[in-house]
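# take a look and give me a structure for this.
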Amino acid sequence: MKANILISAFLLNLFSSISLVLAQGITTHDVIFQPNIPKPQKGVPYTDPKFGTRITRITDARTNGYPGEVPQYSKRQAWNSDESLMLIFTGSGEVLLYNGQTYEFIKTLDYLGGEDVFWHPTNPDIIYYSWYNTLRQYNNSTGEDVGLHTFNDYTFANTCGEGNLSDDGRYWAFAGVVYNDSTQISTFKDIVVYDIINDSIVSKMALPDSLSDFDWVSISPLGNYVVIDYASLDTGRYKGVEVYDRNLHFLWQKPLGFGHSDVGTDSKGNEILVLSFYDSVSNESYITKYNLSDGAETRLINHAWYEYDHISCRNTANKGWCLVSTYDGEGRLTDDSLTWTPFEDEIFEVNLDTAGLVRRLAHHHSRRFSPSTPNSDSSMYFAEPHATISRTGTRVLFASNWRQNIEQDSSVDAYIIDMRTVGVNDDYTPEPDIKLGCYPEPFSSELNINININKPEFVTLKVYNLLGNEIATIANDALQQGIHSYIYKAENLPSGIYILSLQAGSKIITHKIILIRD
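Down below sits the predicted model:
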């Protein structure tokens, strides 16, 4: 009887604490199952029932006759410099101009396209785009479209669709590609750093004739570094990920060439690469920060191996976080609430300075891979959410087919998460003065625990099994305001579900943790 009472008390506290967090935004690593809710009507905001964020569907691709209306890519900024305008792309390549505040369609930008399409970082009217081997400039106010520079040594000049300009709009690093008409083979010839303001080539590096793999190239946000992903997991030059200075002097290399990524700047001003990498030893995917100056790495968060993800560091005016959108890969064609994992099919932010610190925003309700679309050839690429964050970090654009008609590209539409307007929950509760977070989840031996309090408090942190038996006491401490970290080593503890209990004064916060031994 005592055990049953304890179990009931723990579950009550657990669900109470989850309800409390949902009202203000979720920072734990709990499992949050995606609910089955109707596909929203275009233009009608709804409140995410799990996260409390306000979301609006802004397109209707099927009615408009498009094969999907989606973000260009996670690594590309959808909004212009003052966020008054935004770009939406169709699955067949059309570029659509939308009002960046009301989300009303304005016009199709005819003849504008290619691998690289960038808003000017400071002029809200200007769009740069690469067309074959020419960098062009389009002025939305005047309609003027001019060529800035033609790189005659190449057939194509672009970043392969994933690079960006420097944050001041001055530097562009691109790959120069030559296409042979007789053999119908494209060859990557050079990496070039171009100064747009001075209309001059800063540096150029020849690529080896034997190069077989190449994914993308980008200048860093402050223009100090060039990052190249060669789409391989090998060590050695022209393999994996390489970083150079602006003059293309080699700095470092790591065998990381297949993970989705983005370049950004952390709150300390360090230029960084944020990349997702699958670890075959732990059978998990890790989102890791790499300092571009020296390659030093910091693992930020991990998630299930079968979840793919995209990274967005486009919040250039509000640094310190990156945006992540996960989606189930070919290894998980079906799912259910019993096997759902933390961060599955979610859009969330990861802090770039504090490992494990997250802000979870929404489920995207999209699916690319399923029993009827089990591989890349049969599935719709644009069903990946490709979530990208605005410059100010206040809004997110993502794509979703809402798990409906997933074999049809016209089922994919664009959605906006607006963090400036918090959804109203019936169970609203004021911001708690103490928060509990932990990672990784599940864990295999060591659990990292963060306690965030906004006033001095004496806390007790313990682990219980589901029968209510105390397993371990991690802390009995008087803590000052701030974030406090602990490591729990689950020595000689069998795999299973346990309860982490934090007591601070009269308050008790509980958190379910899962231990899975290797």
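# ok, now how distant is L233 from P208?
Here the criterion is CB to CB, to the nearest Å. By it, L233 lies 18 Å from P208. Where C-beta positions appear, they are placed from N, C-alpha and C, glycine not excepted.
# cool, F443 as well?
43 Å.
# how many residues are close by the nearest residue to I453 once chain neighbours are set aside?
Nearest residue to I453, sequence neighbours excluded (CB to CB, 6 or more residues apart in numbering): I434, at 4.7 Å. The tally of other residues near I434 (other CB atoms under 10 Å) stands at 18.
# was I right about I434 contacting A504?
Yes. Using CB atoms under 8 Å, I434 makes contact with A504 at a distance of 4.9 Å.
# now for these two: what residues contact both?
I453, E457, V459 (CB atoms under 8 Å, 6 or more residues apart in numbering).
# narrow these to just the buried residues.
Buried members of the shared contacts of I434 and A504, counted by 16 or more other CB atoms under 10 Å: I453, E457, V459.
# follow-up on the earlier one: so L233 and P208 - more neighbours on which side?
Using other CB under 10 Å, the more surrounded residue of L233 and P208 is L233, with 17 against 9.
# and that one, what pLDDT?
The pLDDT attached to L233 in the predicted structure is 90.
# got the contact list for the nearest residue to E69 once chain neighbours are set aside?
Spatial nearest neighbour of E69, excluding adjacent residues (CB to CB, 6+ apart): T59 at 3.9 Å. Contacts for T59 (CB under 8 Å, 6+ apart) come out as K42, E69, I88, D413, A414.
# and the two most separated of those?
Maximum pairwise distance among the contacts of T59 (CB to CB): 12.8 Å, between K42 and I88.
# if you count surrounding residues, which of these two has more?
I88 (25 against 15).
# can I get the buried ones among the shared contacts of I434 and A504 in CSV including distance to R368?
Converted to CSV, these look like this (distance: CB to CB, whole Å):
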residue, distance to R368
I453, 41
E457, 45
V459, 43
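# got JSON lines for these, with secondary structure and pLDDT too?
Compiled in JSON lines, those are given as follows (DSSP: H, G, I helix; E, B strand; the rest coil; pLDDT from 0 to 100):
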{"residue": "I453", "secondary structure": "strand", "pLDDT": "83"}
{"residue": "E457", "secondary structure": "strand", "pLDDT": "84"}
{"residue": "V459", "secondary structure": "strand", "pLDDT": "89"}
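# between those residues, which sits nearest T473?
Nearest to T473 among these: V459, at 11.4 Å, using CB to CB.
# now the closest one: closest residue in space that isn't a chain neighbour?
A504 (4.7 Å).
# mind pulling up the pLDDT for the one you found?
So A504 comes in at 81 (pLDDT).
# who's it bridged to?
A504 has these beta-bridge partners by DSSP bridges: V459, K507.
# separation between it and G169?
For A504 relative to G169 (CB to CB), the value is 49 Å.
# over to P67?
32 Å.
# care to break this protein down by domain?
Domain assignment for the chain, taken from automatic domain parsing, gives 2-32+433-515, 53-76+260-422, 111-257.
# single out the most deeply packed of the ones you listed.
Of all the domains of the chain, domain 53-76+260-422 has the most neighbours on average by mean count of other CB atoms under 10 Å, namely a mean of 20.
# what pLDDT, on average, does it get?
Per-residue pLDDT over domain 53-76+260-422 has a mean of 95.
# can you give me the strands for the stretch 51-200 of the chain?
Assigned by DSSP state E, counting those that start in this stretch, the stretch 51-200 of the chain shows strands spanning 53-57, 69-70, 85-90, 95-99, 105-108, 117-119, 126-131, 134-139, 145-150, 156-158, 171-180, 185-195, 200-206.
# show me what the mean pLDDT comes to for the third one.
So that's strand 85-90. 98.
# for it, packing partners?
Judged by 3 or more CB pairs under 8 Å, 6 or more residues apart in numbering; DSSP states H and E, the packing partners of strand 85-90 are strand 69-70, strand 95-99.
# wait, F188 touches V177, no?
Yes. Between F188 and V177 there is a contact under CB under 8 Å: 5.6 Å.
# what about D48, how many residues nearby?
Residues near D48, counting by other CB under 10 Å, number 21.
# which residue sits closest to it, ignoring its sequence neighbours?
Setting aside the residues directly before and after it, D48 is nearest to A362 in space (CB to CB, 6+ apart), at 4.8 Å.
# okay, the one you found and S232: tell me how far apart.
For A362, the distance to S232 equals 34 Å [CB to CB].
# G259 against F277, yeah?
Yes. G259 is within contact range of F277, at 4.7 Å (criterion: CB under 8 Å).
# show me what the closest residue to L148 other than its chain neighbours is bridged to.
With sequence-adjacent residues excluded and distances taken as CB to CB, 6+ apart, L148 is closest to L135, at 4.8 Å. Beta bridges link L135 to S130, H149, judged by DSSP bridges.
# check L135 and give its pLDDT.
The predicted local confidence for L135 is 98.
# with K455 instead?
Looking at K455, its pLDDT reads 80.
# quick one: it from E346, how far?
31 Å.
# and F398, by the same measure?
Distance check for F398 against E346: by CB to CB, it reads 11 Å.
# mutual contacts of these two, please.
With CB under 8 Å, 6+ apart as the test, F398 and E346 both reach S325, H364.
# where does the prediction get shaky in the stretch 1-150 of the chain?
Confidence mapping of the stretch 1-150 of the chain against pLDDT under 70 gives the ranges 1-25.
# report the central residue of the protein.
Nearest to the mean C-alpha position of the chain, counting by CA atoms, centre = their mean, stands V324 at 2.1 Å.
# so that one is in contact with N351, correct?
No. At 11.2 Å, V324 does not count as touching N351 under the criterion of CB under 8 Å.
# host element of the residue nearest to D48?
strand 358-363 (DSSP states H and E).
# I'd like the next helix or strand past that strand.
In N-to-C order, the element after strand 358-363 by DSSP H and E is strand 388-389.
# mind listing the strands the helix or strand following that next one pairs with, and their directions?
Downstream of strand 388-389, the next assigned helix or strand under DSSP H and E is strand 395-400. Strand 395-400 pairs in its sheet with strand 388-389 (antiparallel), strand 413-422 (antiparallel), by DSSP bridges.
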